[in-house]
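Novice: Here is my input, please return the structure:
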Amino acid sequence: MTYVRRSLYIGIGGTGIKAIAHTKKMFEETFGDGNIPPVIAFLAIDSDWCELHPRFGEIFSADEIVPLQTENAYLAFEKGRTQGVFDWMFPENSGKILHSFKCGTGQLRTNGRLVTELNIELLRYKIREAIESVLSINSLISEYVDVYIAMSLAGGMGAGAFINVAQLVREMYGNQVIINGFGVLYGVFRRMNPSGYSTPRVRLNTYSSILDLDYLQTASPNKPISFNVAGQTKTITSPLYDNFYLIDNKTENCETVDNINVLCQALGAGMFLLGYLDYTSLDSCGGWKGGRFNFTDKLGWAQRFGVCHVVYKGEQLAEIYALKARLELLRQYCDSTDATDEFWKEELKRLKDASCEDLLEAIFSCKRLFETDRLRLCAEDTFEATRSKVWKYVLSHPFLNESEKKESIGHHLYTQIKDRIITTLREVGGIISVESYIWNLLYLLDQSRVRMENEYSMFSHVVERTKTTLNGILADYGNYLSKRFKSESTIRGFLYDIEQVAGELLKAKIECRRRLLAIYVLDYTVFHIKGLDSQVKGMLDSMFSLRDVYKISLIKSQSEELSRCFEYDLSSSERLDLILEEGEVVLTEFTATLSKPIVEMTKEELDAALDAYTLNLPRCEEYRTRLIEDVIQNLSDSDYEALKKEVARKVSPLLKLNYRGLLDPLTNRSPSDKIVREYCAVIYKEDLYKKSRMEMDHSFFSGGFSLLFRPSEVPYLKQRMIFFRSDFAVIPYCVDALDKSVQEEYEYCISSLKEMPLQNPHFDRQIFEDIRKSGFALKPECKNDEHDE
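Specialist: Residues are numbered from 1 along each chain as shown. As a prediction, the model looks like this:
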């Protein structure tokens, strides 16, 4: 059974939207595109239309995108200020309000808040619509809705809107929702741009965001806090966020994440897991409330969490194997072999030896004509009758259905050659040898055509010469018949000579005609062979092109490192060492799957055919269906120890907090070290009653933390194990996240406001003044003397 919690994921600004986009992607990979359970909703909120629509328009539906309207923002601000709507704005910040915020808020927090309040009713409507749609679905998991709000605390939109959005959700739904915040700190942005030219305010924005939030989290019935929202006074008597996680770009083992996209992937994966598993709880601080240590009323605002994916990338291994199989098939096609070379040598020799005699005989057999159909003249006929019979014989046309015949012979000759070529293309080394054969064949056919032209010219001269001879004999025969005294033997001699010369003339004319038809047949064959040659060359180019594409894809797939900080890939070594076994890829088996000859296929058709054949090979199917549990079970002892070490390292919290609290005298451990850790593993097992190697290993983590296993029926999770931990650490004083230099920079900025018009990075002028009057500061955790033993 699949467990999914009622959840609303809200991404504010570019960072927040990237994070929930990854969460949505994981839900789609789990349940299929368009099949995300209706108890889950998403909202992407931003004023940066330059990024919102082009980058996320295909990920989120129109109902999920909330583009904040910002036309004439300054005019709207001036109009509202005269009515006291924007009294919270710092005067020195008002000069930085842009006409339009369509390409961002300029890293100014008050701009982010202004954009939010200008669209407060739109936000109210979209949030209500999303939560009501989730509440309308029956859920066996919980009666409330988990609201996850992700943002960057370093920029303008997220840092400026995250308080307003949480207040709006809390105002509308109170205790029906559990609000969990995820704020990305400035470190990753500084890492991406060390000079700071394009990130000038990220440190101050982060510090002021945490200071504002820390103050607001102290709200209680005894200490209400009020602030203005769109002209109305809002009073809060409890913390805005039930839990708030700070996300830094340093892991606990001091690895640094230098890409915001990678950090957002880890954050998105954590939020996915929180919504997917019913036994995952963010409220791990509940067991400490009212206990040995005083967590004040700011319950759980500063927490940390970590995600580690242990994956077996079977699909990627299948793709790598398929790519290697495709390259092997192309190699077999394109590498010449002695067998194919010898075959074509014999074929060319046969065609050369046959010369043109077989072709001429196929067109018309002269031997048959002169044996059965010779000219017979009669001495009793008149000269006119004899001459008429002679020329009728000479001009006779023995070629029946000549047009059809030459087409048929040409087609037959081409088909014979093509069939031999197609047959050879199915063999190893076929296409290279065929290319060479066609070149030699065209040369041979050209030589045959030259011969036919020469013979045609020769027989044409014979025709003219014989025709002159025949006319002379006929003239002599006519003159002789006009004499008074004639000899019968002489007449028979004339008639015999006329028959012989007429026969020679007809034969010469037939030879001329046969050669003309042979030239046509040769031209027909050459034309189609050239077309076939063009197809072969085109297919060879396609193969070379596909080979290059496959090689690049193979290199990319083998060297790919996704989410390297938060992922342990059990298939990484296999990915590099994967080889094809002899006989696994057989060219003739592939060609047997083709619906038409390979030379008639386009590059796209060949690519699709290679893809379909190779991805259905037995080893591909084995890679795709292999369970990660089986992979782990079959690890060697050394590899299994390496897995445990890597998981314990990579699952470390994303935020490295400094344990500044007093030690517990009983355990000699700080509260942050003694926190409630919740590890969840998503794993698929066919045998639910058989304990895995990991379940039997109680020392899987160096700290001896417990693991909770639950089988998953989701195919996406069969080759993925997600270790998750949410650690309660009430340490608003984050020394590593906000070091002394940040505090000094902040204090200088605030003190300089009296002398020069810098932009105040705080959210609200009144809240800022209240904090200054009360001397409020970020504090470390401390012992509660009242509960000391």
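Novice: Show me what the lengthiest helix in the chain is packed against.
Specialist: Identified as the longest helix of the chain according to DSSP state H is helix 488-559. If you count contacts as 3 or more Cβ pairs under 8 Å, 6 or more residues apart in numbering; DSSP states H and E, helix 488-559 packs onto helix 314-334, helix 357-363, helix 366-372, helix 383-394, helix 402-425, helix 430-481, helix 572-577, helix 603-615. Every residue, glycine included, has its C-beta placed from N, CA and C.
Novice: Now do the first one against helix 402-425, angle only.
Specialist: Interaxial angle, helix 314-334 versus helix 402-425 (axes from the mean of the first three to the mean of the last three Cα atoms, to 10 degrees): 120 degrees.
Novice: sorry, back to before: could you tell me the least trusted of the helices and strands packed on helix 488-559?
Specialist: Here the lowest mean pLDDT among the helices and strands packed on helix 488-559 goes to helix 366-372, at a mean of 59.
Novice: my guess is Y245 meets F182, correct?
Specialist: Yes: if you go by Cβ atoms under 8 Å, Y245 and F182 touch, sitting 4.9 Å apart.
Novice: export the helices and strands packed on helix 488-559 to CSV and tack on mean neighbour count and distance to I127?
Specialist: Formatted as CSV, the helices and strands packed on helix 488-559 follow (neighbours: other Cβ atoms under 10 Å; distance: least, Cβ to Cβ, whole Å):
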stretch, mean neighbour count, distance to I127
helix 314-334, 21, 37
helix 357-363, 16, 85
helix 366-372, 11, 97
helix 383-394, 16, 103
helix 402-425, 16, 64
helix 430-481, 17, 63
helix 572-577, 13, 43
helix 603-615, 17, 44
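Novice: F56 is nearest to which of those helices?
Specialist: In terms of Cβ to Cβ, the element of the helices and strands packed on helix 488-559 nearest to F56 is helix 314-334, at 25.1 Å.
Novice: quick one: the closest one to helix 430-481, angle?
Specialist: Using the same axes, to 10 degrees: helix 314-334 against helix 430-481 is 30 degrees.
Novice: So which elements touch helix 314-334?
Specialist: Using 3+ Cβ pairs under 8 Å, 6+ apart, helix 314-334 sits against helix 430-481, helix 488-559, helix 572-577, helix 587-592, helix 603-615, helix 618-625.
Novice: Quick check: mean pLDDT of the last one?
Specialist: Across helix 618-625, the average pLDDT comes to 93.
Novice: buried stuff in that helix?
Specialist: Of the residues in helix 618-625, 619-620, 623-624 count as buried by neighbour count, 16 or more other Cβ atoms under 10 Å.
Novice: closest to I120 out of the helices and strands packed on helix 314-334?
Specialist: Nearest of the helices and strands packed on helix 314-334 to I120, taken as Cβ to Cβ: helix 488-559 at 46.5 Å.
Novice: roughly how far is that closest one from the heart of the chain?
Specialist: Counting by Cα atoms, centre = their mean, to the nearest Å, helix 488-559 is centred 48 Å from the centre of its parent chain.
Novice: what is the orientation angle of it with helix 402-425?
Specialist: If you take the same axes, to 10 degrees, helix 488-559 sits at 30 degrees to helix 402-425.
Novice: after helix 488-559 comes which helix or strand?
Specialist: strand 567-569 (DSSP states H and E).
Novice: neighbouring strands for that next one, and are they parallel or not?
Specialist: With DSSP bridges as the test, strand 567-569 is paired with strand 303-311 (parallel).
Novice: What mean pLDDT does the strand it pairs with get?
Specialist: Strand 303-311 comes out with an average pLDDT of 75.
Novice: looking at the helices and strands packed on helix 314-334, which is closest to V229?
Specialist: In terms of Cβ to Cβ, the element of these nearest to V229 is helix 488-559, at 49.6 Å.
Novice: on that earlier part again, what would the helices and strands packed on helix 488-559 look like in TSV with distance to D212?
Specialist: Converted to TSV, these look like this (distance: least, Cβ to Cβ, whole Å):
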stretch	distance to D212
helix 314-334	44
helix 357-363	95
helix 366-372	108
helix 383-394	115
helix 402-425	73
helix 430-481	70
helix 572-577	44
helix 603-615	54
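Novice: Max pairwise distance over the buried residues of helix 618-625: which two?
Specialist: For those, with distances taken as Cβ to Cβ, the pair at the greatest spread is R619 and R624 (9.7 Å).
Novice: so what's in contact with those two at the same time?
Specialist: Shared contacts of R619 and R624 (Cβ atoms under 8 Å, 6 or more residues apart in numbering): A318.
Novice: average pLDDT across the longest helix of the chain?
Specialist: Rounded mean pLDDT across helix 488-559 is 86.
Novice: Also stretch 122-139?
Specialist: 91.
Novice: Report the buried residues of that stretch.
Specialist: 123, 126-127, 130-131, 134-135, 139.
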